[in-house]
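>>> From the sequence below, what's the structure:
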Amino acid sequence: MSASPFSVPPYPVVRLKPKANTAALNAGAPWVYADELVTDRRTRRLPPGSLAVLEDAGRTPMALVTVNPESKIIARVMDRDPGAVPDADWLRARIERALSLRSRLYAEPFYRLVHAEADGLPGVIIDRFGDTLVMQPNAAWAEQASETLADILCEVTGASCVIKNASGRARGLEGLDDVSSVMRGEMPGPIEVPMNGATYIADVEGGQKTGLFYDQRDNHAFAAKLSEGARVLDVFSHVGGFSLAALAAGAASGVAVDGSEAALALAEQGAQASGLADRFETRKGDAFKVMEALIAEGAQFDVVVADPPAFAPNKQALANGLTAYARVASLASKLVAPGGYLVLCSCSHAADVTKFRQASLRGIARAERAAQLLHTGAAGPDHPMHPALAESGYLKSLFFRLD
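Alright, predicted model coming up:
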């Protein structure tokens with residue numbers, strides 16, 4: 001077992017400014033922004049990832065936090081008990097708690113094991129692919145604790161391979177590098193992942209994020225219910241998330257559209273592994289241009305899904321992002337046969353469900369289609385939402401029936 005990466009009490013003290021939002025913190029908010037904290041020379045000298053006791057302006061202890069003076073999120077709550085000691089046993093208890101939930105939810109070991117703040121491990125994402133775990137330590141403290149985390153993960157889960165994935169915007173915002181590595185075991189090849197009756201192929205070495213998007217699992221299943229005997233178009237498909245689930249549920253055909261040749265190759269491998277290849281095809285290209293071309297061809301589908309990347313990753317991008325979502329909705333609507341179904345998704349936390357729904361309805365109206373909203377989906381329960389952190393409720397999936 002690696003030695004604990006944490007310092008021991010007594011911890012330094014950091015203090016909120018008098019006008020800081022203490023009510024939000026008392027209600028469970030897990031972040032303190034740089035403009036809310038007194039950043040004197042002593043605080044600025046704290047090494048990124050340091051533990052500290054957070055006090056309010058009246059010097060009352062509020063929580064134990066980890067501090068990164070280089071980040072806009074200058075402090076993250078580790079424990080509501082200011083006297084907590086987050087050593088290796090503390091980490092183990094958090095991981096065991098996260099595992100107990102997933103073991104209850106899923107019969108097979110394929111899921112998000114740790115969902116950052118919502119599982120009490122700020123900035124830590126861990127996805128499980130059977131015997132392989134892919135960890136994203138996206139906060140300074142987690143980077144420093146990564147060796148200890150890897151040991152505990154193998155001990156608690158029985159996995160033999162732990163991969164550190166250092167890609168993504170979040171690490172850059174924390175001042176961390178982008179160097180990925182195999183921390184335990186050996187890098188596996190593509191991994192077969194069973195979900196919703198299909199077999200998906202996860203590339204944990206070179207794929208997007210950790211290799212697969214588990215968060216859409218329940219939305220794949222809902223779309224699959226609409227897809228028996230249907231012609232299905234899966235736009236921004238990645239490795240065939242919606243189309244393979246639809247085919248496994250009896251869709252007549254599935255077309256996956258994506259700009260990544262590597263992702264479509266994995267989708268084709270998944271179709272082969274699922275015994276669905278005879279009803280599956282791919283189309284590589286810019287999603288907007290492909291939809292425009294299909295409209296020009298007069299193509300029609302019974303179920304059309306559009307699951308684009310985050311068009312509004314922050315507030316500054318919100319206006320342009322909503323315009324892009326409306327454009328997706330307009331183009332996709334024109335491809336839905338009368339009485340068919342349209343599924344529109346957003347993973348942009350800056351665009352809440354109301355704004356996303358409004359943008360989607362603008363696009364549908366622009367296509368001169370009438371719609372019923374059947375269902376609004378979110379991320380699956382292995383991606384729990386932190387009640388006081390809106391960012392953790394990032395995923396929205398809207399299911400419409402179009403006349």
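
>>> my guess is residue 111 meets residue 126, correct?
No - assessed by C-beta atoms under 8 Å, residue 111 is found out of contact with residue 126, at 9.9 Å. Quick note: C-beta positions are derived from backbone N, CA and C, even for glycine.

>>> who's the closest residue to residue 214 other than its chain neighbours bridged to?
Using C-beta to C-beta, 6 or more residues apart in numbering and skipping residues adjacent in sequence, the residue nearest residue 214 is residue 112, 5.1 Å away. Applying DSSP bridges to residue 112 gives these bridge partners: residue 127.

>>> Report the contact partners of residue 112.
102, 125, 126, 127, 128, 214, 215, 382, 383 (C-beta atoms under 8 Å, 6 or more residues apart in numbering).

>>> distance of it from residue 379?
Counting by C-beta to C-beta, to the nearest Å, the gap between residue 112 and residue 379 amounts to 9 Å.

>>> so what sits against both of these two?
Taking C-beta under 8 Å, 6+ apart as the contact rule, residue 112 and residue 379 both touch residue 215.

>>> Any chance of the backbone angles for the spatially most central residue of the chain?
Note on the chain: the residue nearest the mean C-alpha position is residue 215, at 6.3 Å, using C-alpha atoms, centre = their mean. Here is the backbone geometry of residue 215 (degrees, to the nearest 10): phi -60, psi -20.

>>> Now do the contacts for it.
112, 347, 379, 380, 383, 395.

>>> Let's see that with 7 Å instead.
Residue 215 makes contact with 379, 380, 383, 395, according to C-beta atoms under 7 Å, 6 or more residues apart in numbering.

>>> Just flag the most distant two among the residues you listed.
In terms of C-beta to C-beta, the contacts of residue 215 reach their longest pairwise distance at 380 and 395, which sit 9.0 Å apart.

>>> Would you indicate which residues of stretch 181-193 are buried?
183, 184, 185, 188, 190, 191, 193 (16 or more other C-beta atoms under 10 Å).

>>> correct me, but the last one touches residue 110?
By that I understand residue 193. Yes - between residue 193 and residue 110 a contact is recorded at 5.0 Å, counting by C-beta atoms under 7 Å.

>>> Show me the common contact partners of these two, please.
Counting by C-beta under 7 Å, 6+ apart, the residues touching both residue 193 and residue 110 are residue 129.

>>> is it true that residue 207 lies in a strand?
No - using DSSP: H, G, I helix; E, B strand; the rest coil, the assignment for residue 207 is coil, not a strand.

>>> Residue 47 in helix, strand or coil?
What three-state DSSP gives for residue 47 is coil.

>>> Tell me how many other residues crowd it.
If you count neighbours by other C-beta atoms under 10 Å, residue 47 ends up with 12.

>>> What is the helix or strand hosting residue 272 packed up against?
Using DSSP states H and E, the element containing residue 272 is helix 261-274. Applying 3 or more C-beta pairs under 7 Å, 6 or more residues apart in numbering; DSSP states H and E, we find helix 261-274 packed against strand 198-202, helix 241-248, strand 253-258, strand 280-284.

>>> Show me the helices in the stretch 101-250 of the chain, by range?
In the stretch 101-250 of the chain, the segments counted as helices under DSSP state H, counting those that start in this stretch are 140-144, 146-157, 169-173, 217-225, 241-248.

>>> ranking those helices by burial, who's on top?
helix 241-248 (a mean of 30; mean count of other C-beta atoms under 10 Å).
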